[in-house]
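[1] Need a 3D model of the sequence below.
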Amino acid sequence: MKEVLQDAQRYNADTVALLAGDLNMDVSAGDVAQAIKRADFQDAFTNQHTPTTPNSFFAEGRVIDWIFSRGTRGSDAPQVHRSVSGSDHYPLSVRFGF
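    All right, here's what the predicted structure looks like:
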């Protein structure tokens, strides 16, 4: 994560950049969240997170997949597609205004 955020800093903050994927961690708080914020990335799912992995016999679902943007005019319609079961994670989508 540190390398990705350092690389993003090479570009003007107005340059559109997306940071998305299976990060395998909760990045909503703590040091990683602060680093993402310092790099001017915005969480596309702000206050709308639901688990991105299904519940299992051993554990409850977790929020470990994320979409962040920088240099966009905002985002809307964030969705976790819980009806799709092609993986051990649910797909995410969001609509951006560029």
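
[2] residue contacts, the most centrally placed residue in the chain?
    Nearest to the geometric centre of the chain sits Trp66, at 2.0 Å (Cα atoms, centre = their mean). Shown in contact with Trp66 (Cβ atoms under 8 Å, 6 or more residues apart in numbering): 19-21, 23, 27, 43, 45, 92. Yep, even glycine has a C-beta here, placed from its N, CA and C like the rest.

[3] mind listing the strands for the protein?
    Listed in chain order, the strands of the chain (DSSP state E) span 17-22, 42-43, 65-70, 75-80, 92-96.

[4] if you compare those, which one is most tucked away?
    Highest mean neighbour count of the strands of the chain: strand 65-70, a mean of 21 (counted as mean count of other Cβ atoms under 10 Å).

[5] Can you tell me the strand partners of that strand and which way each runs?
    Within its sheet, and counting by DSSP bridges, strand 65-70 is paired with strand 17-22 (antiparallel), strand 42-43 (antiparallel).

[6] circling back to that earlier point, let me have the strands of the chain in CSV, extended by mean pLDDT and distance to Gln34.
    What follows is the strands of the chain, written out as CSV (pLDDT from 0 to 100; distance: least, Cβ to Cβ, whole Å):
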stretch, mean pLDDT, distance to Gln34
strand 17-22, 94, 15
strand 42-43, 93, 13
strand 65-70, 95, 13
strand 75-80, 93, 21
strand 92-96, 94, 22
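
[7] Let's have those in JSON lines, adding distance to Ile36.
    JSON lines is the format used below for the strands of the chain (distance: least, Cβ to Cβ, whole Å):
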{"stretch": "strand 17-22", "distance to Ile36": "7"}
{"stretch": "strand 42-43", "distance to Ile36": "8"}
{"stretch": "strand 65-70", "distance to Ile36": "6"}
{"stretch": "strand 75-80", "distance to Ile36": "15"}
{"stretch": "strand 92-96", "distance to Ile36": "16"}
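
[8] mind listing the helices for the protein?
    2-8, 30-38 (DSSP state H).

[9] Any regions of the protein where pLDDT drops low?
    Applying pLDDT under 70 to the chain picks out no residues at all.

[10] before we move on, the earlier item: tell me which residues form a beta bridge with the residue nearest to the centre of the chain?
    Taking DSSP bridges, one obtains Gly21 as the residues bridged to Trp66.
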